[in-house]
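> okay, here's the prediction I keep looking at, along with the sequence it came from:
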Amino acid sequence: MEEKKGFSVKMGGKKQRNQQQQAKEEMVGEGSYTLYDEEAAATVEKDVPVLDQLNKKPSDKSRLAMSPIAKKMTAAALGAALIGVVLGFLLLRYTAGIESETNGVAAPVATQEASANAGAFGDLTAYVVQGGVYNQEDIGQEVAQRYVEAGVPAVLWEKNGQFFLLTGMGGSKEEADAAAAQLQAQGYESYVKTWDPGVEATSNGWQDELAVLLAAGDNQEPALWKAWQEKVPAEAAEVKATSTEAISAMEQGTFTASMMLPVWHEAAKLSTEAISN
């Protein structure tokens with residue numbers, strides 16, 4: 001085959017190579033290649049090496065192979081996704097709790113220790129903070145009133161002929177210990193004990209549901225309390241009034257488990273009165 005030659009232009013008695021062709025030749029160095037259009041390709045010598053790799057198709061193995069960096073990035077992404085799922089589940093348990101139903105009311109389950117006490121109202125026990133015990137009710141009431149005026153939800157609870165000044169409670173011992181520590185920091189005598197009111201109440205739907213709510217401690221949901229209030233009978237006006245104060249604190253973010261102590265006390269008094277009558 002006859003070898004083609006590039007074209008040239010004669011100017012001033014000298015041949016001048018086409019400027020575009022010359023620029024392309026300057027770009028082509030040893031071991032390099034470039035692509036030309038059909039006309040410019042005529043100036044490229046036949047023995048210019050062409051990289052075979054350009055014409056090779058990647059094998060299936062090379063398509064599937066991953067670099068070490070890509071493997072590490074994939075592993076890190078999967079690990080982060082797994083951690084996110086776990087943390088999301090734990091957050092859901094903390095903020096909303098796991099819903100259990102007692103007579104149609106869904107309530108968050110607090111710690112295992114607190115939920116074990118949930119059930120019939122008459123079987124409910126809890127950790128409370130005690131500030132004193134009195135033989136005379138009037139003296140105990142005066143002290144309890146001073147606590148209430150200072151913002152402490154104190155109650156005077158009668159049991160076995162004595163009057164116990166209770167100033168806080170918790171769904172767990174840790175919650176009750178925290179409440180006692182706060183009171184001690186304010187100068188109030190306080191210590192934690194397990195409280196069994198000894199209420200032998202007959203099965204009462206709204207009171208049993210209250211037992212589940214009380215056992216949840218600090219982990220409360222206002223909507224559940226409002227749904228429960230609709231089942232409280234008219235004769236339990238004090239129970240509804242004290243629970244309304246607790247719900248308001250829940251909505252304002254100032255709630256503590258100790259605010260449920262007056263609710264529990266009023267509900268227990270109704271049971272005691274019902275038995276005596």
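Structure's in. What do you need? Numbers count the residues shown, from 1 in each chain.
> can you show me the strands along the protein?
8-11, 14-17, 99-102, 105-108, 126-134, 155-159, 162-170, 191-195 (DSSP state E).
> partners of the fifth one in the sheet?
This means strand 126-134. Each strand that pairs with strand 126-134, with its direction, by DSSP bridges: strand 162-170 (antiparallel), strand 191-195 (antiparallel).
> for Leu54, give me the pLDDT.
pLDDT, Leu54: 42.
> what residues are up against Trp228?
Trp228 sits next to 105, 206, 209-210, 213, 243 when contact means Cβ atoms under 8 Å, 6 or more residues apart in numbering. Quick note: C-beta positions are derived from backbone N, CA and C, even for glycine.
> how about a cut-off of 7 Å?
With contact set as Cβ atoms under 7 Å, 6 or more residues apart in numbering, Trp228 has these partners: 105, 206, 209-210, 213.
> looking at those, which two lie furthest apart in space?
Trp206 and Leu213 (10.5 Å; Cβ to Cβ).
> neighbour count: these two, which is higher?
Leu213 (24 against 18; other Cβ atoms under 10 Å).
> quick one: the more buried one and Lys226 touch, right?
No. Look at Leu213 against Lys226 with Cβ atoms under 7 Å: they stay out of range, at 11.2 Å.
> what are the buried residues along stretch 127-136?
For stretch 127-136, the neighbour count (16 or more other Cβ atoms under 10 Å) marks 127-132, 134 as buried.
> cool, and stretch 132-151?
132, 134, 140, 143-144, 147.
> contact partners of that stretch?
154-156, 162-165, 167, 189.
> quick one: which of the residues you listed is most hemmed in?
Counting by other Cβ under 10 Å, top hit in the contacts of stretch 132-151: Ala154 with 28 neighbours.
> for Gln186, see how far away the residue nearest to it when sequence neighbours are not counted is.
Of all residues not flanking Ala154 in the chain, Tyr147 sits nearest, at 3.5 Å (Cβ to Cβ, 6 or more residues apart in numbering). Tyr147 is 10 Å from Gln186, where distance means Cβ to Cβ, to the nearest Å.
> now Trp228
Following Cβ to Cβ, the distance that separates Trp228 from Gln186 is 31 Å.
> again with Gln136
25 Å.
> equivalent analysis for Gly168, please.
Gly168 is 12 Å from Gln186, by Cβ to Cβ.
> among the two, which residue is more densely surrounded?
More crowded of Gly168 and Gln186, by other Cβ under 10 Å: Gly168, with 29 against 10.
> now do the contacts for that one.
Contacts of Gly168 (Cβ under 7 Å, 6+ apart): 128-129, 176, 179-180, 183, 258, 261.
> the same query, at a cut-off of 6 Å, please.
Contact analysis of Gly168 by Cβ atoms under 6 Å, 6 or more residues apart in numbering lists 129, 179, 258.
> where does the prediction get shaky in this structure?
Scanning the chain for pLDDT under 70 picks out the ranges 1-67, 70, 79, 82, 84-119, 200-203, 273-277.
> would you map the helices across it?
19-27, 60-64, 68-95, 112-115, 137-149, 173-185, 205-215, 222-229, 237-252, 261-276 (DSSP state H).
> how big is the angle separating the fifth one from helix 261-276?
This means helix 137-149. 150 degrees (axes from the mean of the first three to the mean of the last three Cα atoms, to 10 degrees).
> could you dump helix 137-149 to PDB, C-alpha only?
Provided in PDB are the C-alpha atoms of helix 137-149 (Å, rounded to 0.1, in the frame of the first residue of the first chain):
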ATOM      1  CA  GLU A 137     -52.600  13.000 113.000                       C
ATOM      2  CA  ASP A 138     -52.900  16.800 113.700                       C
ATOM      3  CA  ILE A 139     -49.100  17.200 114.300                       C
ATOM      4  CA  GLY A 140     -48.300  15.100 111.200                       C
ATOM      5  CA  GLN A 141     -50.700  17.200 109.100                       C
ATOM      6  CA  GLU A 142     -49.100  20.400 110.200                       C
ATOM      7  CA  VAL A 143     -45.700  19.100 109.100                       C
ATOM      8  CA  ALA A 144     -47.000  17.800 105.800                       C
ATOM      9  CA  GLN A 145     -48.600  21.100 105.100                       C
ATOM     10  CA  ARG A 146     -45.300  22.900 105.500                       C
ATOM     11  CA  TYR A 147     -43.800  20.500 102.900                       C
ATOM     12  CA  VAL A 148     -46.600  21.200 100.500                       C
ATOM     13  CA  GLU A 149     -46.200  24.900 100.800                       C
END
